[in-house]
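Peer 1: I would like the atomic coordinates for the input below:
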Amino acid sequence: MKTLIRNNLSICFIVLFLGAIAGQVVFGFEEHNKELLEANAPAITILSYLGSGHFLQQKGSSESKDFDKEEEVDRQPSAKRKDAPWPVKKGGWILAIYTRFI
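Peer 2: The predicted structure follows:
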């Protein structure tokens, strides 16, 4: 009983984690089968779903940049802009470090 009391926070987090994974499996499975039915494809079993790419993939945030289009963050820094950071205005090895790590 003492072990249970000492580890109650860990047990709570494990239960919450398993609950989140179970929710992801159930709702992802339903969503994937709905998408398949809309595409006139047959529905799959839950075991097939667990091995599918739909379950294993990681989708980016809705705030993530689009990989297919050029965006403001993709442009190269230019010293001609008045709001350019000082490493860009300075140039040389400082700019090389700045463009490599920032």
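
Peer 1: how near is residue 28 to residue 101?
Peer 2: 37 Å (Cβ to Cβ, to the nearest Å). Heads up, the C-betas are built off the backbone N, CA and C, glycines and all.

Peer 1: Would you mind telling me which of those two has more residues around it?
Peer 2: Between residue 28 and residue 101, counting by other Cβ atoms under 10 Å, residue 28 is the more crowded of the two (16 against 6).

Peer 1: Local confidence estimate at that one?
Peer 2: Looking at residue 28, its pLDDT is 92.

Peer 1: and the gap between the closest residue to it other than its chain neighbours and residue 24?
Peer 2: Distances taken as Cβ to Cβ, 6 or more residues apart in numbering put residue 55 closest to residue 28, at 5.9 Å, once the chain neighbours are dropped. Taking Cβ to Cβ as the measure, residue 55 falls 8 Å from residue 24.

Peer 1: Looking at the two, which has the bigger crowd around it?
Peer 2: Counted by other Cβ under 10 Å, residue 55 and residue 24 do not tie: residue 55 has more neighbours, with 15 against 11.
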